[in-house]
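**Student:** have a look; sequence and predicted model below, questions after that.
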Amino acid sequence: MISDSDHLRNQRLVFYKEDITRIDQVLSNFLDLSGSKCNLLIDKEGHMVTYCGDTSSIDEQTVAALVAGSYAATREMAKLLGEDEFSVLFHQGRKDSIQLTMVGDRTIMATVFDDQTTVGMVRLYAKAASDGLEKIFEEIGHRPPSRMQLDSDFGDSAQGALDCFFSD
């Protein structure tokens, strides 16, 4: 039997530069509308997909790993309560807060905001951003897989480079 995580691993999305540009536009619009400080898009395994906004005060990679871990732990709590998962998590600090929004079944949008905006504004615009991102991911998922074409002399060139590298 194939688990959900195995299914996701087998169905990875490939992002091209144009895809990231479209994703960044959705995140930037959300940033502007919500008044948030930054938005990070993270896959469920803790890898950074992309981010926008002011991240100078945070370590994006560490936040990405912790967000994925937090989401995984909360998913288990949800199951104990009879839910499949919680789609939105919110952590409030004295000055800064973070909202984690599940986007589709692969990514988490982490929104960092301060007391200059409200959780209501973030939640309102997060839903629209999530819907926009899901639409992009659906289009990417239905794209036919690309077959990378190598030049006819690639093999000879690679063999020559390997011979040179491993020669005495």
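**Tutor:** Received the coordinates, thanks. Residues are numbered from 1 along each chain as shown.

**Student:** what's the spacing between the nearest residue to residue 75 once chain neighbours are set aside and residue 92?
**Tutor:** The shortest distance from residue 75 to any non-neighbouring residue, by Cβ to Cβ, 6 or more residues apart in numbering, is to residue 85 (4.7 Å). Using the backbone N, CA and C atoms, a C-beta is placed for each residue, glycine as well. Using Cβ to Cβ, to the nearest Å, residue 85 is found at 21 Å from residue 92.

**Student:** who has more neighbours out of these two?
**Tutor:** Per other Cβ atoms under 10 Å, whichever of residue 85 and residue 92 has more neighbours is residue 85, with 15 against 10.

**Student:** ramachandran coordinates for the more buried one?
**Tutor:** For residue 85, the backbone dihedrals (degrees, to the nearest 10) come out as phi -170, psi 160.

**Student:** which ones are touching it?
**Tutor:** By Cβ atoms under 8 Å, 6 or more residues apart in numbering, the contact list for residue 85 reads 74, 75, 78, 79, 102.

**Student:** ok, now how distant is the first one from residue 104?
**Tutor:** This points to residue 74. Here the criterion is Cβ to Cβ. By it, residue 74 lies 17 Å from residue 104.

**Student:** kindly report the same for residue 65.
**Tutor:** Distance of residue 65 to residue 104, given as Cβ to Cβ: 20 Å.

**Student:** make sure residue 30 is actually in contact with residue 129.
**Tutor:** Yes. Between residue 30 and residue 129 a contact is recorded at 3.8 Å, counting by Cβ atoms under 8 Å.

**Student:** what residues do these two have in common as contacts?
**Tutor:** Shared contacts of residue 30 and residue 129, counting by Cβ under 8 Å, 6+ apart, come down to residue 39.
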